[in-house]
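>>> What follows is a protein structure lacking sequence information:
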Ligand code: ATP
Ligand code: MG
């Protein structure tokens, strides 16, 4: 599975529809401060099911919707579409019927998020499961947030452990153990 395209509409600073073609070998995005590089990465995480507003540098999920600028009114919705090249048919069962998988997440003010996979309505959980077994997904250690490296270097040992456990993908196990102990 390979990311092929990312389309944004009303997401953060990307108020106008933007279509980013992700050619094989793309390793970096450059541009002046504040041009939206981090927003692009956040859009990628968001469409894969990220549900923590803090991971989007916001206080609430609706903060991803274009908030308006001096010359432009705010938007009522934000939409991000991720097109995945599935020509090798490596997607998990249930998602593996086409050469391309298009995941769309849309958030509307006061109405929350809705997801579609290849135009079919799905739950957030379904999208998260689509990535659960790939080394990708919104919590992937491959997506390194700005400042995360210096956080790691400057952290106290205890919080450094939390960061490393998250990167290793084992932090979810504590939650599941906690739930199991409550039963
Ligand atoms: P740097 O090089 O400093 O890391 P960057 O290219 O990563 O910059 P981003 O952090 O992606 O830039 O973009 C920041 C811009 O996005 C800011 O101008 C901010 O005002 C704008 N922005 C963020 N959220 C919204 C929103 N909801 N509505 C409108 N603009 C937004
Ligand atoms: Mg940035």
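Now that the structure is in, tell me what you want to look at. Computed from a predicted model, the values in this text were never measured in an experiment. Ligands and ions are numbered 1, 2, ... in the order given.
>>> Would you pull up the residue in the protein closest to ligand 2?
Using C-beta to the ion, the single residue of the chain nearest to ligand 2 is residue 38, 3.2 Å away. (C-beta placed from N, C-alpha, C; glycine too.)
>>> surely that residue meets residue 146?
Yes. Here residue 38 reaches residue 146: they are 5.5 Å apart, a contact under C-beta atoms under 8 Å.
>>> Secondary structure element holding the residue of the chain closest to ligand 2?
Assessed by DSSP states H and E, residue 38 sits inside helix 37-47.
>>> what's the next secondary structure element after that helix?
Next element after helix 37-47 (DSSP H and E): strand 77-85.
>>> Next, the angle strand 77-85 makes with whichever helix or strand comes after that next one.
Using DSSP H and E, the helix or strand that follows strand 77-85 in sequence is strand 100-108. Per axes from the mean of the first three to the mean of the last three C-alpha atoms, to 10 degrees, the angle that strand 100-108 makes with strand 77-85 is 170 degrees.
>>> List of residues touching the helix or strand just after strand 100-108?
Sequence-wise, the next helix or strand downstream of strand 100-108 (DSSP H and E) is strand 112-117. For strand 112-117, contacts defined as C-beta atoms under 8 Å, 6 or more residues apart in numbering pick out 49, 61, 95, 101-108, 121-124, 126-127, 130.
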